[in-house]
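# What follows is a predicted protein model with its sequence.
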Amino acid sequence: QLQLVESGGGLVQPGGSLRLSCTASGFTLDSYGLGWFRQAPGKEREGVSYITKRGSINYADFVKGRFTISRDNTKNTGYLQMNSLKPEDTAIYYCGISPAAWGTLAPRDYNYWGQGTPVTVSS
């Protein structure tokens, strides 16, 4: 059974850090592109970062320099290190997998998702 499970979300003060994890089971994570997305209340899901099967990486402009995506193939797990968090980063964060060989931040290109982990940035 294919499964993606996110973890690591929580409440953090502005300027703080969190590391999100996305653990895959039932398949090999590095056979797919991995993306991180977020969805704030009342807003559409938006792409945050991706890492392709070959390891190419890109970030949305609003997180460049603050977030870092990575993947540990030995643990079949992807990560999103989030530093210098801002209140506007508050959202539910999802990981997804894409069969596409190219990198993409479009949710429509991802065909399987985890359940999400909430991130709240507030003082």
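Perfect, thanks for sending it.
# Could you pull up the contacting residues of S25?
S25 is in contact with Q1, L2, Q3, V5, N76, counting by C-beta atoms under 8 Å, 6 or more residues apart in numbering. The C-beta positions use only the backbone N, C-alpha and C, and glycine is treated the same way.
# Any idea what it is bridged to?
Note on S25: beta-bridge partners Q3, judged by DSSP bridges.
# thought G8 was touching C22?
No: in this structure, G8 is not within contact of C22 by C-beta atoms under 8 Å, at 9.0 Å.
# So if I had to pick from those two, which one is more boxed in?
A direct count of neighbours by other C-beta atoms under 10 Å for G8 and C22 places C22 higher, at 28 against 16.
# list the contacts for that one?
By C-beta under 8 Å, 6+ apart, the contact set of C22 is L4, V5, E6, L29, L34, W36, T77, G78, Y79, L80, C95, G114.
# A strand includes it, no?
Yes: under DSSP: H, G, I helix; E, B strand; the rest coil, C22 sits within a strand.
# what's the closest non-adjacent residue to it?
C95 (3.4 Å; C-beta to C-beta, 6 or more residues apart in numbering).
# Quick one: residues in contact with the helix or strand harbouring the one you found.
Assigned by DSSP states H and E, C95 belongs to strand 91-98. With C-beta under 8 Å, 6+ apart as the test, strand 91-98 has contacts from 4, 6, 9, 20, 22, 24, 29, 32-40, 43, 45, 48, 50, 78, 80, 104, 107, 109-119.
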